[in-house]
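Enquirer: Fold the following for me, if possible:
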Amino acid sequence: MKVHFIAIGGSAMHNLAIALHKKGFSVTGSDDEIFNPSKKRLLKYGLLPKTIGWDEANIHAGLDAIILGMHAKNDNPELLKAKEMGIKMYSYPEFLYEQSSDKTRIVIGGSHGKTTITSMVLHVLQYHKIETDYMVGAQLEGFEVMVSLSEHAAYMVMEGDEYPSSAIDTRPKFHLYKPHIALISGIAWDHINVFKTFDVYLEQFRRFIKCIEPGGKLIYNQSDQLVKEVCENNASPDINLYPYALPEYKIAGAKTSVRSEESYIPVSIFGKHNLLNMAGARVICNQLGVNEAMFYEAITSFKGASNRMQLIYEQPGVKVFRDFAHAPSKLQATVEAVKEQYPNSRLVACMELHTYSSLSRSFLSQYRGTLDAADKAVVFFTPHALSLKKLPDLDPDIVYEAFGKKELTVCTSNHELLRAVERHRAVETIYLMMSSGDFGGLEMNEFLATLND
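Expert: Numbers count the residues shown, from 1 in each chain. Alright, predicted model coming up:
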């Protein structure tokens with residue numbers, strides 16, 4: 001089968017391209033910008049476009065299908081040519097469904113935790129040599145790429161997000177997967193540029209539940225009252241419900257252990273939100289033939305997904321964690337988790353306003369109190385990020401007032417950020433760097449050098 005990717009450079013798109021190439025497909029692609037690690041990976045497999053940019057010549061009668069990425073806009077010349085020629089076109093999630101239509105599909109959804117839960121499930125299945133196809137949103141230790149497709153695996157484990165499928169298909173991705181086993185970890189309003197009100201956002205999860213295959217299973221976080229109500233009120237009578245909750249745990253010497261039957265099992269992860277994620281992953285694995293003892297045997301070696309509470313630097317008296325947290329609920333859960341794990345250390349929480357929602361004045365009030373558990377806090381944003389998203393200028397005083405934290409510094413440049421970090425140094429300090437971006441291009445080595453001065 002010959003497929004062409006319009007916008008092959010995306011984090012999800014390039015992984016799907018590699019997966020299809022490894023499966024024996026003939027794959028081509030185009031994009032107007034491609035950065036690492038996508039660029040390096042595409043080059044390794046001979047899939048990197050020879051020229052950057054869009055070219056109608058890439059679209060021809062020899063193609064069996066087009067896979068359209070979110071980065072491609074409605075007026076993309078290759079998209080227009082493909083429409084004109086009537087070539088079969090798929091969004092990324094549509095094609096994943098096509099490739100897994102004969103498998104048992106497990107889809108993990110929720111406003112937060114879905115990447116971690118998916119990663120945990122994959123780690124456990126790999127540990128016990130249970131073959132599965134998969135799609136996950138972060139790089140995992142022991143997995144070369146984030147998408148795997150095969151002819152023989154019985155399962156397909158997918159992270160299911162609620163963001164639109166493509167420029168010409170506004171349906172949320174997780175509505176297209178039709179899971180046999182579904183999980184919802186939490187619901188907290190996000191993506192306000194797409195979902196204008198909370199109820200519009202909530203409706204996407206109600207519809208996700210309706211997409212579960214007849215006789216399927218719905219696993220849900222009953223600790224979240226909203227999730228509990230949505231799941232129990234919207235699941236059809238033939239759907240089997242499996243609630244999960246926070247397991248019993250203890251912390252000793254900055255190490256977390258979880259109670260299993262009559263003993264405590266040490267784990268590498270920490271924080272209530274991650275322990276809830278682990279509880280959800282355990283219920284999924286139970287449905288796939290992994291009992292509790294097998295699950296805990298495997299999960300003890302799980303160290304987390306890339307940029308999810310990842311320890312990136314450690315020296316006597318200082319630790320630096322990198323986390324993807326950017327939405328209010330994620331931010332608060334991450335900060336509270338680190339403070340609970342290291343109560344005797346000073347916690348300096350650094351957060352970047354990077355997404356459309358976080359940079360919107362109308363949404364900023366949602367962040368009130370989210371950094372309260374930190375001893376010192378820094379919020380960073382750049383005028384460039386506002387310009388890219390076509391948002392009005394943002395006064396640092398507005399940000400300060402929105403978060404409502406006295407010990408807060410607001411920075412708009414890398415220089416200010418580094419000065420703030422240096423100012424907050426203490427004998428025992430934990431630095432928590434939270435963003436879905438890169439702090440305005442800040443080189444992490446430069447940041448770490450500041451700690452060593």
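
Enquirer: what's next to stretch 260-277, contact-wise?
Expert: Stretch 260-277 has contacts (CB atoms under 8 Å, 6 or more residues apart in numbering) with 112-113, 116-117, 120, 185, 221, 223, 244-247, 249-251, 255-259, 278, 292-293, 296, 299-304, 309, 333-334, 336-338, 340-341. Any C-beta I mention is one placed from the backbone N, CA and C, and that applies to glycine too.

Enquirer: Give the buried residues for that stretch.
Expert: Neighbour-count burial for stretch 260-277 flags Ser260, Ile265, Val267, Ile269, Phe270, Gly271, His273, Asn274, Leu275, Leu276, Asn277 (criterion: 16 or more other CB atoms under 10 Å).

Enquirer: quick one: the second one is in a helix?
Expert: No: assignment of Ile265 by DSSP: H, G, I helix; E, B strand; the rest coil gives strand, placing it outside any helix.

Enquirer: distance of Lys196 from Val227?
Expert: The spacing between Lys196 and Val227, counted by CB to CB, to the nearest Å, is 22 Å.

Enquirer: who's more crowded, those two?
Expert: Between Lys196 and Val227, counted using other CB atoms under 10 Å, the more crowded position is Val227 (21 against 10).

Enquirer: next structured bit after the helix or strand the more buried one falls within?
Expert: Val227 belongs to helix 225-234 when assigned by DSSP states H and E. Going down the chain from helix 225-234, the next helix or strand is strand 240-244, by DSSP H and E.

Enquirer: does Leu448 really touch Tyr313, like I thought?
Expert: Yes: the criterion here is CB atoms under 8 Å, and Leu448 meets it with Tyr313 at 5.3 Å.

Enquirer: Helix, strand, or coil at Gln204?
Expert: For Gln204, the secondary structure call by three-state DSSP comes out as helix.

Enquirer: before we move on, what about Ala182?
Expert: Quick answer, by three-state DSSP: Ala182 is strand.

Enquirer: How many neighbouring residues does it have?
Expert: When neighbours are counted by other CB under 10 Å, Ala182 registers 28.

Enquirer: neighbouring contacts of the helix holding Val227?
Expert: With CB under 8 Å, 6+ apart as the test, helix 225-234 has contacts from 110, 184-187, 202, 205-206, 209-210, 218, 220-222, 241, 243.

Enquirer: by how many degrees do that helix and strand 240-244 diverge?
Expert: Angle of helix 225-234 versus strand 240-244, following axes from the mean of the first three to the mean of the last three CA atoms, to 10 degrees, is 170 degrees.

Enquirer: quick one, strands of the stretch 301-450 of the chain?
Expert: Listed in chain order, the strands of the stretch 301-450 of the chain (DSSP state E, counting those that start in this stretch) span 310-315, 318-323, 346-352, 376-380, 408-411, 429-434.

Enquirer: Straight-line length of stretch 386-395, end to end?
Expert: One end of stretch 386-395 to the other measures 11 Å (CA to CA, to the nearest Å).

Enquirer: tell me the mean pLDDT over it?
Expert: Averaging pLDDT along stretch 386-395 gives 91.
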